[in-house]
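Trainee: Please find the sequence and the predicted model below.
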Amino acid sequence: MSTIDDLKSQLDARKITFDPPSGTSERLKKELLGENEGTKVTALLQELILKISKLNNIRISSIIRDEGFHGSGRAFDIGNEEIAGTLLPIVATDDKVQQFKIDEIIFDAGVAGESDRNKWNYDAGKKHNFDTATLEKHKNHIHFSVINS
Ligand SMILES: [Zn+2]
């Protein structure tokens, strides 16, 4: 099966859903499957989303927008950030970041009760401490991006 077929199966199984549930969800679905107009997601991003959805049910809150790697189809946001404490210890490791071709992970781990707010954060595939302003913008979603392919 192709990545697209696998993603469609995950959508059918409600292992991938979209936030908010109405209005933009159809647009996000098209973006995920590469059926939208304009900038499209990269194959690597689709593969990352598929792999993550096999670890945890995810609710996607944003894919394509004019900001950072979202503008080049390399980033997506998880809106059900309450999974951070179970998902990120598995994914935010040097091994998985390399294997999944992750560039950035940005989330304020303080939301998940961690004292180190940058506990799971990566930039350019390396552990990274983002500044307070960036952390403040990543309390209600988990941001992932993949490397340039
Ligand atoms: Zn983002």
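Mentor: Alright, I've got the coordinates.
Trainee: how about whatever helix or strand Gln46 lives in: buried residues?
Mentor: Here Gln46 sits within helix 43-55, counting by DSSP states H and E. Buried positions in helix 43-55, judged by neighbour count with 16 or more other Cβ atoms under 10 Å: 44-50, 52-53. Any C-beta I mention is one placed from the backbone N, CA and C, and that applies to glycine too.
Trainee: so can I have TSV of these showing distance to Val111 and pLDDT?
Mentor: Output for the buried residues of helix 43-55, formatted as TSV (distance: Cβ to Cβ, whole Å; pLDDT from 0 to 100):
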residue	distance to Val111	pLDDT
Leu44	27	98
Leu45	24	98
Gln46	27	98
Glu47	27	98
Leu48	22	98
Ile49	21	98
Leu50	25	98
Ile52	18	98
Ser53	21	98
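Trainee: coming back round to it: name the residues that touch the helix holding Gln46?
Mentor: By Cβ atoms under 8 Å, 6 or more residues apart in numbering, the surrounding residues in contact with helix 43-55 are 3-4, 6-7, 10, 15-16, 32, 34, 58, 60, 63, 73-76, 78, 87, 90-91, 100-102, 144-147, 149.
Trainee: now with 6 Å?
Mentor: Under the criterion Cβ atoms under 6 Å, 6 or more residues apart in numbering, residues 3, 6-7, 10, 15-16, 58, 74, 90, 100-101, 146, 149 lie in contact with helix 43-55.
Trainee: for stretch 141-149, same thing?
Mentor: Outside stretch 141-149, the residues that reach it (Cβ under 6 Å, 6+ apart) are 42, 44-45, 48, 61, 69, 74-79, 81, 84, 101, 103-107.
Trainee: Alright, calling it a day.
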